[in-house]
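>>> Below is the structure, and that's it, no one-letter string:
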């Protein structure tokens, strides 16, 4: 299995691999990116802290959860805590891993780690990177579910994170 890097920058490496499937050789491209920490921040009153973020790649505002690449040498929970504070100005007293999933296993090994953050404390210290424009919105479960039904939520991280939280975590967090 020969492989060759065909593109690389600080965020993405694309390698071309020669693979064999049922005895036949094919060139296959693998996208290598850092894993991602995604956070479902639950406020004391049960509302979820959602972000409205402008995404330059599609030229639109999206509703999302706090999330970002896990830095080299950083553990997933550390990345989740850092992203939560950088994007929302909150720190979590409790951070619990809900699940982890491959983002797109047909193109690369990137893993998304989904955390539930509770016992939040406002620090007011955000630290957006140069491309980020973010506004936070505390939304009730009813409001989020109406938005899911209407198609107003288009980001997979928010859909997956909220639904996992709702199905498996809500009773634990609200105790």
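Good, I have the coordinates. Keep in mind that this is a model prediction, so the values were computed, not measured.
>>> The helix or strand that contains residue 117 pairs with which strands?
For residue 117, the element it lies in under DSSP states H and E is strand 111-122. Each strand that pairs with strand 111-122, with its direction, by DSSP bridges: strand 36-41 (parallel), strand 90-102 (antiparallel).
>>> Of the ones you listed, which stretch is the most buried?
With neighbours taken as mean count of other Cβ atoms under 10 Å, these reach their highest mean count in strand 36-41, at a mean of 27. All C-beta spots, glycine's among them, are computed from the backbone N, C-alpha and C.
>>> Distance to residue 11 and mean pLDDT added to the strands paired with strand 111-122, as TSV?
Conversion of the strands paired with strand 111-122 to TSV gives the following (distance: least, Cβ to Cβ, whole Å; pLDDT from 0 to 100):
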stretch	distance to residue 11	mean pLDDT
strand 36-41	12	98
strand 90-102	18	96
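>>> Between those strands, which one is closest to residue 28.
strand 90-102 (16.0 Å; Cβ to Cβ).
>>> mind pulling up the phi and psi values for residue 86?
Here is the backbone geometry of residue 86 (degrees, to the nearest 10): phi -60, psi -40.
>>> Sorry, slip of the keys, the one I care about is residue 164.
phi -70, psi -50.
>>> can you check residue 28 too?
phi -130, psi 140.
>>> Now for it: which residues touch it?
Counting by Cβ atoms under 8 Å, 6 or more residues apart in numbering, residue 28 makes contact with 16, 17, 18, 19.
>>> in the chain, which spans are strands?
Along the chain, counting by DSSP state E, strands occupy 3-8, 13-21, 24-32, 36-41, 48-55, 60-64, 67-69, 90-102, 111-122, 134-139.
>>> Please name every helix or strand in contact with the fifth one.
Read it as strand 48-55. Under the contact criterion of 3 or more Cβ pairs under 8 Å, 6 or more residues apart in numbering; DSSP states H and E, strand 48-55 touches strand 36-41, strand 60-64, helix 76-88, strand 134-139, helix 141-150.
>>> nearest to residue 121, of the ones you listed?
Nearest to residue 121, of all these, is helix 76-88, at 9.8 Å by Cβ to Cβ.
>>> State the distance from the nearest residue to residue 64 once chain neighbours are set aside to residue 13.
In space, and not counting its chain neighbours, residue 64 is closest to residue 155: 4.6 Å by Cβ to Cβ, 6 or more residues apart in numbering. Using Cβ to Cβ, to the nearest Å, we find residue 155 at a distance of 24 Å from residue 13.
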